[in-house]
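J.: Turn this into a model:
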Amino acid sequence: MNFYEKLPDDVLIQFYEELNKSIELGHVTKSSYYELGLIISVLNSRNINTEQPVSELANDRISFVIA
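T.: Residues are numbered from 1 along each chain as shown. You can find the predicted model right below:
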């Protein structure tokens, strides 16, 4: 069980939103995309729909991390 699986839904969503903001502002590392993939995986397992990040670069890299 990873850290994100232990969080309540509202806190997990806040992590997701803050990480997306950082990505959109260009404050990213490889770890950012990895963490985003973990968060999205947990959100999906809980049937919580998310919006994809606005950045095209982020969309490309998220697909790579999840795949």
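
J.: Quick one: the helices in this protein, in order.
T.: Listed in chain order, the helices of the chain (DSSP state H) span 9-24, 30-45, 56-66.

J.: Give me the distance from the first one to the chain's centre.
T.: The one in question is helix 9-24. Its chain's C-alpha centre and that of helix 9-24 lie 7 Å apart, by Cα atoms, centre = their mean, to the nearest Å.

J.: same question, the second one
T.: Taking the mean C-alpha point of helix 30-45 and that of its whole chain, the gap between them comes to 4 Å (Cα atoms, centre = their mean).

J.: can you pull the alpha-carbon coordinates of that helix into PDB?
T.: Extracted as PDB, the C-alpha positions of helix 30-45 are listed here (Å, rounded to 0.1, in the frame of the first residue of the first chain):
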ATOM      1  CA  LYS A  30      10.700  13.300 -13.400                       C
ATOM      2  CA  SER A  31       9.400  12.500  -9.900                       C
ATOM      3  CA  SER A  32       6.500  14.900 -10.300                       C
ATOM      4  CA  TYR A  33       5.200  12.900 -13.200                       C
ATOM      5  CA  TYR A  34       5.700   9.600 -11.300                       C
ATOM      6  CA  GLU A  35       3.900  11.000  -8.200                       C
ATOM      7  CA  LEU A  36       1.100  12.300 -10.500                       C
ATOM      8  CA  GLY A  37       0.700   8.800 -12.000                       C
ATOM      9  CA  LEU A  38       0.500   7.200  -8.500                       C
ATOM     10  CA  ILE A  39      -2.200   9.800  -7.500                       C
ATOM     11  CA  ILE A  40      -4.200   9.300 -10.600                       C
ATOM     12  CA  SER A  41      -4.000   5.500 -10.200                       C
ATOM     13  CA  VAL A  42      -5.500   5.700  -6.600                       C
ATOM     14  CA  LEU A  43      -8.100   8.300  -7.700                       C
ATOM     15  CA  ASN A  44      -9.200   5.900 -10.600                       C
ATOM     16  CA  SER A  45      -9.400   3.000  -8.200                       C
END
